[in-house]
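# Sequence plus the predicted model coming up.
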Amino acid sequence: MKRILPLVVLLVITTVPTLRAEAPFIDLFASGDFSQWRVGKKGTGWSIEDGVVHLYEKKAGSLMSRKKYKDFELRFDWKVSEGGNSGVIYRAQKGRGFEYQVLDDERHIRGKDPIGSSGALYDLVPPMAGKPYKPAGQWNTARIVANGNHVEHWLNESKVLEAELSGKEWDDRYNNSKYVKYGYEDFGDVESPIVFQDHGSQVWFRNVRIREMPPKEQSEVVDFNFHAMLSPVPLTAKFIDEDYFIWGASMVRDADDKCHLLYSRWPRNLGHNAWVTHSEIAHAVADSPLGPYRFVDVALPVRGEAYWDGLCTHNPTVHEFDGKYYLYYMGNTGDGNATKKLNPIHRNNQRIGVAVAEHPNGPWKRLDQPLIDISEASDSHDALMVSNPSICRRADGTFVLIYKAVGKKAPLPFGGPVVHLAATSQSPVGPFAKQMQPLFTAPGVKFPAEDPYIWSQGDRCWAIVNDHKGTFNKTNTDSLALFTSTDGLNWDVAASPLVTRREVTWADGSVQSFHRLERPQLWFDHGVPAVLFCAAEETDAKTHSFNVHIPLRSQNSK
């Protein structure tokens, strides 16, 4: 089994805040043995072969990690023998605590009661009805998220339960459970080993990975002041290619702690406006979110004019949801001519898509139909074209996607007005239901905002947008502004609306102004914004562009 590398400390110039690396997933059986575990009562009865941990002997005793955990995300696969019963125990006292139930629901008597069935928080919270369960002898995938007072259980990529460990509902569940008779103080609020239970049945586990995290309460903030969080930028955080325009980049980190940058690029010799005909989404990697990055490959290459996105892909935003990676982008097709002025055929053929992969290295599976298409009604806000997607998962688990839209009310070929709309879905791959109310508007101001990047934090959604005229952040100049929302559909200007003007302070103390600084994207360290990614253009000559990655200091730091 592949050994996960230890956490790397990222060192940058001393005038730049050091970024704490987001905790990677650690393979708990990377050594191929039980050196990090206490093995049952007799030290036998458990085996590990080809990465599969197997309890093969009755009364062997449970398998217990030597390290204790409290706030974490644990991922694993499991299967049981016919009639089998086991569990994964965590936050326990004297062996009793929370248990992710592992069970043959069809043959074991406890499977008749949901609160004792597979995926349950045993005897406390049942899983949802209709859970995607696979029977004895087949592998199930599972996740446990324990973060502060919040617990989630997942089964086969579906969240089957979540619980808040406070309040009347939780008190009632606890008082009606078997655990109340033990009288433990701080039940479920302690660190303990991870335990794979021996309950007298054969059981198998594999792909056991854990990622520690700070308590949820530490990740939530009442408000942001991004302008106060901006830090000097090291030269490694300027991502530039002499042969290509680069415009907009989005980053994710894999389980091996490698940073993957997905970005738009097109040949510099074709001119700036060739973004609409010749852009492709490329892939670069680095050991630090601030770089330096090196080009690896083209993630979404040309695939032929017959496809809706066959000739051009642009403006990516990449996310990890439930162990898979989702790359959202806009694409188009057309005549392939890189015209001096913006090619209207390609521009009006812009649609929104998503590609899915098991790893940021790809391969990326694209859809043959757009995720968001134009509306059929000629008077719709998005009757002509759609582009520039941004997506987040809200606190209730549903998704909201915001996109740029152009209608046909203004003269063609370029139409107008340009607005932003939202769409919602239960799934990151749709289908999405459009909400046709324009967002980020200002009375009397034409096209006031562009390029929103949205995310959720606690029970709120947030957005950084390009404030074209400084209307929202009161700078009266092109800059970035902050919005907030309770649902991702109705937005208000935040209390501290200025994110940044079109300038960057470099690590040597020099300040550089830009003609354009836009396409904001964020990378989060333990749920806290740590890097602001922006596309940059130095002058209005439009001879070159690149990406700049701005470190953000914690709001709690001095």
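Yep, it's here. Residues are numbered from 1 along each chain as shown.
# residues near Asp368, how many?
Using other C-beta atoms under 10 Å, Asp368 is surrounded by 9 other residues. The C-beta positions use only the backbone N, C-alpha and C, and glycine is treated the same way.
# Assumed it was part of a strand.
No: applying DSSP: H, G, I helix; E, B strand; the rest coil, one finds Asp368 to be coil, outside a strand.
# these two touch, right, it and Tyr307?
Yes: contact criterion C-beta atoms under 8 Å: Asp368 and Tyr307 qualify, at 6.9 Å.
# residues contacting the closest residue to Val52 other than its chain neighbours?
Leaving out its chain neighbours, the residue that sits closest to Val52 by C-beta to C-beta, 6 or more residues apart in numbering is Arg206, at 4.7 Å. Arg206 sits next to Gly51, Val52, Val53, Phe76, Asp77, Trp139 when contact means C-beta atoms under 8 Å, 6 or more residues apart in numbering.
# One more: Trp154?
Counted by C-beta under 8 Å, 6+ apart, Trp154 has contacts Gly119, Thr141, Ala142, Arg143, Ile144, Val145, Val160, Asp322.
# between these, which has the most around it?
Gly119 leads the contacts of Trp154 on contacts (other C-beta under 10 Å) with 28 neighbours.
# where does the stretch 1-150 of the chain dip in pLDDT?
1-23, 41-42 (pLDDT under 70).
# no no, the stretch 151-300 of the chain
215-222, 255.
# sorry, back to before: which members of the contacts of Arg206 are classed as buried?
Buried members of the contacts of Arg206, scored by 16 or more other C-beta atoms under 10 Å, are Gly51, Val52, Val53, Phe76, Asp77.
# Take those residues and lay them out in CSV including secondary structure and distance to Asp508.
Formatted as CSV, the buried ones among the contacts of Arg206 follow (DSSP: H, G, I helix; E, B strand; the rest coil; distance: C-beta to C-beta, whole Å):
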residue, secondary structure, distance to Asp508
Gly51, coil, 48
Val52, strand, 53
Val53, strand, 52
Phe76, strand, 48
Asp77, strand, 50
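# Pick out whichever of those residues sits closest to Val39.
Nearest to Val39 among the buried ones among the contacts of Arg206, counting by C-beta to C-beta, is Val53 at 10.4 Å.
# Would you map the strands across the stretch 151-300 of the chain?
158-164, 192-196, 203-212, 238-239, 244-253, 259-267, 280-286, 294-300 (DSSP state E, counting those that start in this stretch).
# Looking at those strands, which is nearest to Lys68?
Proximity to Lys68 (C-beta to C-beta) singles out strand 192-196 among the strands of the stretch 151-300 of the chain, at 5.5 Å.
# helices or strands next to that closest one in the packing?
strand 63-69, strand 85-93, strand 203-212 (3 or more C-beta pairs under 8 Å, 6 or more residues apart in numbering; DSSP states H and E).
# Could you tell me which strands sit next to the longest one in the sheet, and their orientation?
Looking at strand 203-212 with DSSP bridges, its partner strands are strand 26-27 (antiparallel), strand 52-55 (antiparallel), strand 72-80 (antiparallel).
# which stretch among those strands comes nearest Val151?
strand 72-80 (10.9 Å).
# how far off strand 192-196 does the closest one point, in degrees?
Inter-element angle recorded for strand 72-80 and strand 192-196: 20 degrees (by axes from the mean of the first three to the mean of the last three C-alpha atoms, to 10 degrees).
# Pull the number of nearby residues for Val302.
16.
# does it sit in a helix, a strand or a coil?
Following three-state DSSP, Val302 is assigned to coil.
# For the residue nearest to His260 when sequence neighbours are not counted, give its distance to Phe295.
Excluding the flanking residues, the one nearest His260 by C-beta to C-beta, 6+ apart is Pro360, at 3.6 Å. Pro360 is 14 Å from Phe295, where distance means C-beta to C-beta, to the nearest Å.
# any weak-confidence spans in the stretch 401-550 of the chain?
The stretch 401-550 of the chain contains residues with pLDDT under 70 at 526.
# From the opening residue of stretch 444-461 to its closing one, how far?
26 Å (C-alpha to C-alpha, to the nearest Å).
# Buried ones in it, by neighbour count?
If you call a residue buried by 16+ other C-beta under 10 Å, then stretch 444-461 has these buried ones: 447-457, 460-461.
# Nearest to Pro301, out of the residues you listed: which one, please.
For the buried residues of stretch 444-461, the minimum distance to Pro301 (C-beta to C-beta) is 24.3 Å, reached by Asp451.
# returning to what we had before: how about the strands paired with strand 203-212 in TSV, adding distance to Lys469?
Listed next are the strands paired with strand 203-212 as TSV, based on distance: least, C-beta to C-beta, whole Å:
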stretch	distance to Lys469
strand 26-27	48
strand 52-55	60
strand 72-80	42
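# Quick one: closest of the ones you listed to Lys238.
Closest approach to Lys238 among these is made by strand 26-27 (32.3 Å; C-beta to C-beta).
# Next secondary structure after the helix or strand encompassing Ala405?
Assigned by DSSP states H and E, Ala405 belongs to strand 399-406. Note on strand 399-406: by DSSP H and E, the next helix or strand toward the C-terminus is strand 418-425.
# Just put the helices and strands packed on strand 192-196 in TSV and tack on distance to Glu152.
Output for the helices and strands packed on strand 192-196, formatted as TSV (distance: least, C-beta to C-beta, whole Å):
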stretch	distance to Glu152
strand 63-69	15
strand 85-93	12
strand 203-212	14
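# Out of these, which is the most enclosed?
strand 85-93 (a mean of 22; mean count of other C-beta atoms under 10 Å).
# Direction included, what does it pair against?
strand 96-103 (antiparallel), strand 192-196 (antiparallel).
# And these: which comes nearest Val465?
Nearest of these (C-beta to C-beta): strand 96-103, 40.6 Å.
# How about residues contacting the closest one?
Strand 96-103 is contacted by residues 78, 80, 84-92, 110-111, 116-124, 142, 144, 146, 151, 153, 179, 182, 184, 187-188, 190, 192, 197, 203 when judged by C-beta under 8 Å, 6+ apart.
# gap between Asn349 and Thr333?
Distance, Asn349 to Thr333, by C-beta to C-beta: 6 Å.
# Next: Thr317.
For Thr317 relative to Thr333 (C-beta to C-beta), the value is 21 Å.
# Just give me the neighbour total for the closest residue to Arg265 other than its chain neighbours.
Spatial nearest neighbour of Arg265, excluding adjacent residues (C-beta to C-beta, 6+ apart): Tyr244 at 4.2 Å. If you count neighbours by other C-beta under 10 Å, Tyr244 ends up with 22.
# same check, this time on Ala442
Count around Ala442 with other C-beta under 10 Å applied: 15.
# what about it, which SS state?
coil.
# Mind listing what's buried along the helix or strand that contains Tyr326?
Per DSSP H and E: Tyr326 is located in strand 324-332. For strand 324-332, burial by neighbour count (16+ other C-beta under 10 Å) applies to Tyr325, Tyr326, Leu327, Tyr328, Tyr329, Met330, Gly331, Asn332.
# Check which element follows that strand along the chain.
helix 344-348.
# and that next one, how far out from the chain's middle?
31 Å (C-alpha atoms, centre = their mean, to the nearest Å).
# other SSEs contacting that helix?
Under the contact definition 3+ C-beta pairs under 8 Å, 6+ apart, helix 344-348 sits against helix 275-278.
# that older thread, list just the nearest of the contacts of Trp154 to Trp523.
Nearest to Trp523 among the contacts of Trp154, with distances taken as C-beta to C-beta, is Asp322, at 18.9 Å.
# contacting residues around the closest residue to the closest one other than its chain neighbours?
Closest residue to Asp322 apart from its sequence neighbours, by C-beta to C-beta, 6+ apart: Glu157 at 5.3 Å. By C-beta under 8 Å, 6+ apart, the residues touching Glu157 are Pro132, Thr141, Asp322, Gly323, Lys324.
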